[in-house]
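J.: Give me a 3D structure for the following:
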Amino acid sequence: MTIDKSQIRNAATVIVLRDRHSDPHILMGQRGAKAVFMPNKFVFPGGAIDVGDAAVPLATPLPQTCADRLAEDADPALAHAIAVGAIRELWEETGLILGQPGQWDTPPPADWETFAATGHLPHAAPLQFVFRALTPPGRPRRFDARFFLVDADDIATDLDNFDAACDELSHLQWVPLAKARSFDMPFITEVVLAEVEARARDTNPPASVPFFKNNDEESLFLRLRGHRMAD
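T.: You can find the predicted model right below:
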């Protein structure tokens, strides 16, 4: 049996790491009790990629190493939209801007109007692709999620001001990395957390990226090294 890709949405998640060399903290929030996907769980900001993300301009592109890893076992054209979606989700769910000052040449899509109004263009260069996970079969929703690590120093706005955030995540807070496991979080978030702990003081994109690939036949734990799959 093959995966019905029409039922799997591409998604992006952002792990913002603060004070990584002294007292590392990560930004997390709690999903609502009535959420269809992972209710009540503490998670990193993120969500599904929108169709319009592919057409949004970037002030800076992803690091080439990360773009190469994203292209493995995937359509290479997705890399741009996934990076854009990661920045959009971070803005929508936390009110934090990963951007550089700049004006849009064309009117932004509706989901980007408030971001553009701040006078910024999305800035993808600080994103480090560190993990990929495919939701197992049988869940109410399935995502092919890419996780990005970003240093809080690259955020353009006040790290403690979440006033512009939507209400999708509550209890937004900077969690000490050493204490994050005490929160009620999904299994995959715990797995990604281990990767973040291992990379907390490494500012270079990883040479290979873990891929937790759950298909209908088996669960595989692979490493993405930037080699595109043969057609």
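J.: contacts, neighbours, all on C-alpha from now
T.: Will do.
J.: mind listing the helices in this structure by residue range?
T.: Assigned helices in the chain, in chain order: 64-71, 78-94, 113-117, 187-199 (criterion: DSSP state H).
J.: got a list of contacts for the third one?
T.: Outside helix 113-117, the residues within contact range by CA atoms under 8 Å, 6 or more residues apart in numbering are 91, 97, 103, 104, 108, 121.
J.: Please name whichever of the helices of the chain is nearest to residue 134.
T.: Nearest to residue 134 among the helices of the chain is helix 187-199 (9.7 Å), distances taken as CA to CA.
J.: in that closest one, what counts as buried?
T.: Burial within helix 187-199, assessed by neighbour count using 16 or more other CA atoms under 10 Å, is assigned to 189, 190, 192, 193, 196, 199.
J.: Read off the pLDDT value for the closest residue to the first one other than its chain neighbours.
T.: Ranked by CA to CA, 6 or more residues apart in numbering and with sequence neighbours excluded, the top spatial neighbour of residue 189 is residue 43, at 6.8 Å. Note for residue 43: predicted pLDDT of 95.
J.: I figured residue 43 hits residue 190, correct?
T.: No - with contact defined as CA atoms under 8 Å, residue 43 does not count as touching residue 190 (9.6 Å).
J.: rewinding a little: state the distance from the residue nearest to residue 189 to residue 118.
T.: According to CA to CA, to the nearest Å, residue 43 and residue 118 sit 26 Å apart.
J.: what do you get for residue 176?
T.: Residue 176 sits at a distance of 29 Å from residue 118 (criterion: CA to CA).
J.: higher neighbour count, these two?
T.: Set side by side, residue 176 and residue 118 show unequal neighbour counts under other CA atoms under 10 Å, the larger going to residue 176 at 16 against 13.
J.: and that one, bridged to which residues?
T.: On the basis of DSSP bridges, residue 176 takes part in beta bridges with residue 25.
J.: List the residues that contact it.
T.: 23, 24, 25, 26.
J.: out of these, who's nearest residue 11?
T.: residue 26 (19.6 Å).
J.: which ones are touching that closest one?
T.: Contacts of residue 26 by CA under 8 Å, 6+ apart are 15, 16, 17, 18, 174, 175, 176, 177.
J.: out of everything not next to it in sequence, what's closest to it?
T.: Across the structure, with CA to CA, 6+ apart as the measure, the residue nearest residue 26 apart from its sequence neighbours is residue 17 (4.8 Å).
J.: same thing with residue 70?
T.: residue 79 (6.0 Å).
J.: Can you verify my assumption that the one you found contacts residue 69?
T.: No - taking contacts as CA under 8 Å, residue 79 lies outside contact range of residue 69: 9.2 Å.
J.: Distance-wise, check residue 27 relative to residue 121.
T.: Distance from residue 27 to residue 121, by CA to CA: 22 Å.
J.: And for residue 87?
T.: 10 Å.
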